[in-house]
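**Student:** this is the structure alone, sequence omitted:
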């Protein structure tokens, strides 16, 4: 019964999105007000159907209605209700249903927000959104049916993936990822609309930028949440392994970041319209490629789902979207003529181009490295790997160059500048670079790349702080108090600029923290008996004993490790191994003690309660916590910049 | 993040490794001992690192090997038992004086090229190293052209870039905007004191 | 900034450069993805097949002379890497025991214990039956030399000590018979 109702809702979503896409396209060609109203209604109906289908699935999961195939597959009477709730996105079919919810939400809200704006573009945009929605509805109606009926109804199910139950971060990470990934459909529709109408006016750049920046913010947070989850759960002490699935989330982030910057130049100078649109299209295509990578089972990755008919279906959609994008660009890019020109000198304009070059190069390299094993397999029939050493070697120079560019670009004035102006802009931040490099050398940083990263970080930090301070200083010069000035800047007409520099400040910290944490850590592996000690960095670790716990849906073997530093007792850390019901392999959970500058990270490699032995991996990871904090700063800055500036205060 | 090995040295290493791999094709003779690596990759060709440097060197070499049971993680990173065992063997081989190429070749014989996280420079693999450089060259050329195109056309900017100081064309609206700016920001006459934004 | 509606509705020329660059990026990508559809990325071929088997000298459980590669020569051998904690190993165990009992004079069956305790293995064999030696592999040296990705994995060695075949995952009667034919065993 529930299953049949769910299937009807999915079919309703399929119907609404297909009809809406057709009516929207016709409206765009024929320009009819009635058609536009109808298109919007189909968009709202699609959103409502997806919402209802998801609500029904959540209800079925909570009610443990095992007559629904997805519930039979991931549900369990043994798990608590919150786990049952989040199982919605824990497995392949449910995650696509959840994808439907997110795309429905985005399409509904974006349609409503632009219901009486940009009449020449919007019917095209909504038509493209609904076409994408129709594809995912089709996926849900056919290859990825989560609402199949199960007969006879099983008494219980196996429960979701234990990794999902192992840490709260795995609960929040997927929704952010979907909000980032799926949200790229909206700028894709807007960019397609610009190409279809053959125009990209100044007024239409604003929604394009806003609807790009919103999912970009979610994606930024999602990528870092994924890294944080890996750090807190996988137990190897790192947060990024250049796994194909991680790369899949990073690729669209790179092109979206490039597009956000190129859009600034388009907005300011009226140039690079075709290029900005290309980057937006590429971002969407990379999200679909990423979806294929995670869901086809073709890539060798820990995170990916197993193979099914869903993979080929997504590949077909990817091919359609690629053909659509390339054809549209080839046919229409020449219509998007430049209204201005870039200054051909050392100027901020020119460095925006360098920024785009580096981001696109980064994208190309990561994509190449990710897909290359498939190419070799297909041509030579040999399995090979492209892993972390390759990506690190490629990413480090690119990341460091971007870090410097983030300082040099904003330091330079727009347009032409005299040599004296250039000197005045570029020389003072060298002080910041010298200070950062000096401090680094003093605390014992010897890695050349780390030193370079810190020096560039110092340079860029000085420029960024100056740019953040300038508007405040202006207001203070007129007698405003600092707090008021800050509030007025962050909420006033300059907030977009202010927010962008807050994002930059966060990015500087993230890059520096990555450089430091990946090169300055210390580690120790020790095989201990109860009572034995080992040392890592300045910490002394004492293996105090083993506890065995029974929890509702899992058993745990917990190692108690006493931590002290310089004779001062810092308490007990408890890394553990969890054994879930119905899951064979135990899942480790490391214990992390964070302080301002470093984390002490303990992970169980092996543990034997009978003999009282523990194989312990102990790491001191400097500055890792700064990555999480600085990402929050980036998200905050992005939100400040995202709130649309009232029309009239700024053209 | 070790500095790249000289291509010559690497090529020589590969050639040698190839010779030994061919040698390994010969029918098995009496075993010199359990799983003797020198029968696979020849006698040690490097110098054993000092005791202090051994751990760091072990991590470097183990970082180039893919943990076969974990997919994606390196032997240096993975806490899995298999990775710990492989790492112990890397350490032993280093202490016996085998160099990096020999150690990678030793594991490659068992696991295939799959075990090397960093694609060795051979055959089609050159593409994964050179294509990004080619892309960089192409991109730099494209940027230079985009900047040069403007110079060639020779026209000067007709209008200042739209910025905070740009005013609406309607004079009434412009006066209003200037007044609002003066009130809101305290800018004299509504004009920004610095227009660099 | 914007062009007239009349102009916007005219067909615009095809930008061949954009088309070519787009196809140059997209076509190889799509081709590679299509070629890899249906492939199992976790099935990794062994480079050892067709080569001399790596040496080993491992102590059998329960004592006795170390079993070496040389001691297996003269007869085909089946080298089964397994563990008690592995469910597929449990599934294939009866088949291997039966085969070892019926073919024991013509084929040497050997188990190599992978990441497991002797105590566990003893209990397992007492319950499930034992027909051939199980070797202890400290530090997984033999497993690494044979390129083991997981258990069960089984190597088939011919009488000259050359690896003729590798089987990944649990064996069934048909695949066992087929692989044994490869090492020269006529049914």
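**Tutor:** Nice, I can see it. Just so we're clear, the structure is a prediction, and the values are computed from it rather than from any experiment. Numbers count the residues shown, from 1 in each chain, chains lettered A, B, ... in the order given.

**Student:** need the next SSE after the helix-or-strand element of chain B with minimal mean pLDDT, C-terminal direction.
**Tutor:** Lowest by mean pLDDT, DSSP states H and E among the helices and strands of chain B is helix B:7-25, with a mean of 38. Later in the chain than helix B:7-25, the nearest helix or strand by DSSP states H and E is helix B:38-41.

**Student:** in whichever helix or strand comes after that following helix, what counts as buried?
**Tutor:** Toward the C-terminal end, the helix or strand that comes next after helix B:38-41 (DSSP H and E) is helix B:51-62. Buried residues in helix B:51-62, counted by 16 or more other Cβ atoms under 10 Å in any protein chain shown: B:57, B:58, B:59, B:60, B:61, B:62. No exception for glycine: its C-beta is placed from N, CA and C like everyone else's.

**Student:** what are the contacting residues of helix B:51-62?
**Tutor:** A:523, B:2, B:48-49, B:74-76, B:83, B:86-87, B:90-91, B:94-95, B:100, B:103-104 (Cβ atoms under 8 Å, 6 or more residues apart in numbering or on different chains).

**Student:** packing partners for the longest helix seen in chain C?
**Tutor:** Using DSSP state H to define each element, chain C has its longest helix at helix C:16-36. Packing contacts for helix C:16-36, counted by 3 or more Cβ pairs under 8 Å, 6 or more residues apart in numbering or on different chains; DSSP states H and E, involve helix A:310-332, helix A:348-380.

**Student:** residues of that helix that come out buried?
**Tutor:** Buried residues in helix C:16-36 (16+ other Cβ under 10 Å): C:18, C:19, C:22, C:26, C:29, C:30, C:32, C:33, C:36.

**Student:** list the contacts of the third one.
**Tutor:** With contacts defined as Cβ under 8 Å, 6+ apart, the neighbours of residue C:22 are A:325, A:326, A:329, A:330.

**Student:** need phi/psi at the residue positioned nearest the centre of chain C.
**Tutor:** Centroid check for chain C by Cα atoms, centre = their mean gives residue C:168 as the closest residue, at 3.2 Å. Phi and psi for residue C:168, reported as degrees, to the nearest 10, are phi -100, psi 130.

**Student:** just grab the bridge partners of it for me.
**Tutor:** Here residue C:168 sits in beta bridges with residue C:153, going by DSSP bridges.

**Student:** for the chain, what helix or strand is lowest in average pLDDT?
**Tutor:** Since no chain was named, I'll use chain A. helix A:162-166 (a mean of 69).

**Student:** residues in contact with the helix or strand that comes right after it: which ones?
**Tutor:** The helix or strand immediately downstream of helix A:162-166 is helix A:168-183, counting by DSSP H and E. Under the contact criterion Cβ under 8 Å, 6+ apart, helix A:168-183 has outside partners A:82, A:86, A:89, A:95, A:98-99, A:102-103, A:106, A:163-164, A:211, A:214-223, A:225-226, A:228-229, A:232-233, A:249, A:252-253, A:287, A:290-291.

**Student:** hmm, back to that, flag the least confident of the buried residues of helix C:16-36.
**Tutor:** For the buried residues of helix C:16-36, the weakest pLDDT value sits at residue C:36, with 83.

**Student:** show me the contacts for that one.
**Tutor:** Residue C:36 touches A:298, A:374, A:377, A:378, counting by Cβ under 8 Å, 6+ apart.

**Student:** buried residues, stretch A:165-180. List them.
**Tutor:** A:165-167, A:169-180.

**Student:** what's the helix or strand for the closest residue to residue A:367 other than its chain neighbours?
**Tutor:** Distance criterion Cβ to Cβ, 6 or more residues apart in numbering or on different chains; nearest residue to residue A:367, sequence neighbours excluded, is residue A:251 at 5.9 Å. Using DSSP H and E, residue A:251 sits within helix A:244-269.

**Student:** what's the angle from that helix to helix A:168-183?
**Tutor:** If you take axes from the mean of the first three to the mean of the last three Cα atoms, to 10 degrees, helix A:244-269 sits at 50 degrees to helix A:168-183.

**Student:** next, the angle helix A:348-380 makes with helix A:244-269.
**Tutor:** 150 degrees.

**Student:** could you give the mean pLDDT of helix A:244-269?
**Tutor:** On average, helix A:244-269 scores 94.

**Student:** need the next SSE after that helix, C-terminal direction.
**Tutor:** Next along from helix A:244-269, by DSSP H and E: helix A:273-295.

**Student:** that following helix and chain B in contact?
**Tutor:** No. Shown here: helix A:273-295 not in contact with chain B (Cβ under 8 Å from any Cβ of the partner chain), separated by at least 8.8 Å.

**Student:** just want the angle from that helix to helix C:16-36.
**Tutor:** Using the same axes, to 10 degrees: helix A:273-295 against helix C:16-36 is 0 degrees.

**Student:** could you give the mean pLDDT of the longest helix seen in chain B?
**Tutor:** Across chain B, the helix with the greatest residue count (assigned by DSSP H) is helix B:126-153. The pLDDT scores in helix B:126-153 average 84.

**Student:** what does stretch A:527-543 give?
**Tutor:** pLDDT averaged over stretch A:527-543 gives 94.

**Student:** are it and chain B in contact anywhere?
**Tutor:** No. Stretch A:527-543 lies out of reach of chain B by Cβ under 8 Å from any Cβ, never closer than 9.9 Å.

**Student:** quick one: distance of that stretch to the chain centre.
**Tutor:** Stretch A:527-543 has its average C-alpha position 37 Å from the chain's average C-alpha position, going by Cα atoms, centre = their mean, to the nearest Å.

**Student:** buried set for that stretch?
**Tutor:** Residues A:528, A:534, A:536, A:537, A:539, A:540, A:541, A:542, A:543 are the ones in stretch A:527-543 that count as buried (16+ other Cβ under 10 Å).

**Student:** and what of stretch A:460-474?
**Tutor:** In stretch A:460-474, counting by 16+ other Cβ under 10 Å, buried: A:460-468, A:470-472, A:474.

**Student:** mind putting those residues in CSV, secondary structure included?
**Tutor:** Compiled in CSV, the buried residues of stretch A:460-474 are given as follows (DSSP: H, G, I helix; E, B strand; the rest coil):
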residue, secondary structure
A:460, helix
A:461, helix
A:462, helix
A:463, helix
A:464, helix
A:465, helix
A:466, helix
A:467, helix
A:468, helix
A:470, helix
A:471, helix
A:472, helix
A:474, helix
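
**Student:** ok, and which of those residues reach chain B?
**Tutor:** Within the buried residues of stretch A:460-474, those near chain B by Cβ under 8 Å from any Cβ are A:470, A:474.

**Student:** redo the buried residues of stretch A:460-474 as a markdown table? Include distance to residue A:56 and pLDDT.
**Tutor:** Shown next, in a markdown table, are these (distance: Cβ to Cβ, whole Å; pLDDT from 0 to 100):
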| residue | distance to residue A:56 | pLDDT |
| --- | --- | --- |
| A:460 | 50 | 96 |
| A:461 | 51 | 96 |
| A:462 | 55 | 95 |
| A:463 | 53 | 95 |
| A:464 | 48 | 95 |
| A:465 | 51 | 94 |
| A:466 | 54 | 92 |
| A:467 | 50 | 90 |
| A:468 | 48 | 91 |
| A:470 | 53 | 86 |
| A:471 | 50 | 84 |
| A:472 | 51 | 85 |
| A:474 | 55 | 83 |
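
**Student:** appreciated, that's everything.
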